[in-house]
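1. my questions are about this predicted structure, shown below with the sequence.
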Amino acid sequence: MLVAKIFVCLKPNVLDPQGKAVCNSLQQLGYTNVIEARVSKYIELTLDSDDKEAVWKETDKICQELLANPNTEHYWFTLENKEESQI
Amino acid sequence: MRVSVITFPGSNCDHDAKEAFAFYGHNSRLIWHKDKDLQNPDLVVLPGGFSYGDYLRCGAIARFSPIVEEVMAFAKRGGLILGICNGFQILTECGLLPGTLLPNIGLNFICQHQYIRVENPDTPFTHQISEGTTLDIPIAHKEGNYFCSEDTLKELKDNNQIVFRYCDKKGNITAQANPNGSLENIAGICNKSRRILGMMPHPERAATPYVNSNDGGKIFAALESYFNLH
């Protein structure tokens, strides 16, 4: 079995009000070095196959079809064997 | 007009929309999302609410409901479709309308009366409403911040697809009158053929004399006069 660890992030030109609120909060906490925050999604899929190449293609298709909105988001992912996979 | 209003799990403006159309004398009915028959409508309404709990992205999961296949086929045949609030989000996720509705710039859920200006009177939804008319129609959303690429925006403008913009009482399009950060104050757009409209404001909540504004009723009246002419 393989685990796809997928990150879905807003494209750089898309405003992220949630990230802005996080950044403001961190600055209020005194972390003044923080000048920007961007909030993304992390999605983990377990796939019942050991064929990395096929799973790679399948995961890519899944991201395009559902997990990411191509208008505003981009994505990347890694594949790991289930037994070796750790968060 | 025969009006079919789709109920998704999490829709909460479906009954309001059905009743508002019935108030204007239309034959309106609710269609459950698992049904596969639109029941021969003249107009399909995708109502407001939180379909599938807004999981993943607003409207993203609704497009996999069985009835949406029928809605897509209806769109392909040139059918009239009105998407309100979550319905607008679903239309963008289905690819029937361009762009995306992002979280409001202030991060808050906004529920208030809002003026919008009619930018394009040449649609079935704004038929015989003069360009520049301001309508007082409530908004209630957290993800209504319209966004699209520069190319798409140019296309929307070139094809006159921007139907409504947020404005002040006098119809001025200003940053202050923009409640959610939408690109160029966009509140509603149509597709190229003008048969599909998505809008964030809720006309069904301003469509009877019992509420503060009756301006949403103008959109229903426009649809009716368009329908009777064609």
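-> Here it is on my side, so go on. Here the structure is a predicted model, which means the values were calculated and not measured. Numbers count the residues shown, from 1 in each chain, chains lettered A, B, ... in the order given.
2. return the residues in contact with the residue lying closest to B:Ser65 once chain neighbours are set aside.
-> Nearest residue to B:Ser65, sequence neighbours excluded (Cβ to Cβ, 6 or more residues apart in numbering or on different chains): B:His33, at 3.9 Å. No exception for glycine: its C-beta is placed from N, CA and C like everyone else's. When the contact criterion is Cβ atoms under 8 Å, 6 or more residues apart in numbering or on different chains, the partners of B:His33 are B:Ile6, B:Thr7, B:Phe8, B:Pro9, B:Ala62, B:Ser65, B:Pro66, B:Ile67, B:Val68.
3. rerun at 7 Å
-> Taking Cβ atoms under 7 Å, 6 or more residues apart in numbering or on different chains, we find B:His33 in contact with B:Ile6, B:Thr7, B:Phe8, B:Pro9, B:Ser65, B:Pro66, B:Ile67.
4. try A:Ala4
-> Counting by Cβ under 7 Å, 6+ apart, A:Ala4 touches A:Leu45, A:Leu47, A:Val55, A:Thr59, A:Phe77, A:Leu79.
5. coming back round to it: read off the pLDDT value for the residue nearest to B:Ser65.
-> Reported pLDDT at B:His33 in the predicted model: 96.
6. CSV for the contacts of B:His33, including pLDDT?
-> Listed next are those as CSV, based on pLDDT from 0 to 100:
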residue, pLDDT
B:Ile6, 98
B:Thr7, 97
B:Phe8, 97
B:Pro9, 96
B:Ser65, 93
B:Pro66, 95
B:Ile67, 96
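7. contacts for the lowest-mean-pLDDT helix or strand in chain B?
-> The helix or strand with the lowest mean pLDDT-type score in chain B, counting by mean pLDDT, DSSP states H and E, is helix B:216-229 (a mean of 93). For helix B:216-229, contacts defined as Cβ under 7 Å, 6+ apart pick out B:1, B:20-21, B:24, B:42-43, B:124-129, B:135, B:137, B:202-207.
8. hmm, try it at 6 Å
-> Helix B:216-229 is touched from outside by B:Met1, B:Tyr24, B:Pro124, B:Phe125, B:Thr126, B:His127, B:Gln128, B:Ile129, B:Ile137, B:Pro203, B:Ala206, B:Ala207, with contacts defined as Cβ atoms under 6 Å, 6 or more residues apart in numbering or on different chains.
9. run a quick neighbour tally on the fourth one.
-> Think B:Phe125. 27 (other Cβ atoms under 10 Å in any protein chain shown).
10. can you map out the strands along the chain?
-> I'll assume chain A. A:2-10, A:41-47, A:73-81 (DSSP state E).
11. think we crossed wires, I meant chain B
-> Using DSSP E, strands in chain B cover B:2-7, B:27-32, B:43-46, B:80-84, B:100-102, B:110-118, B:134-141, B:145-147, B:162-167, B:186-190, B:196-199.
12. fine by me, we can end here.
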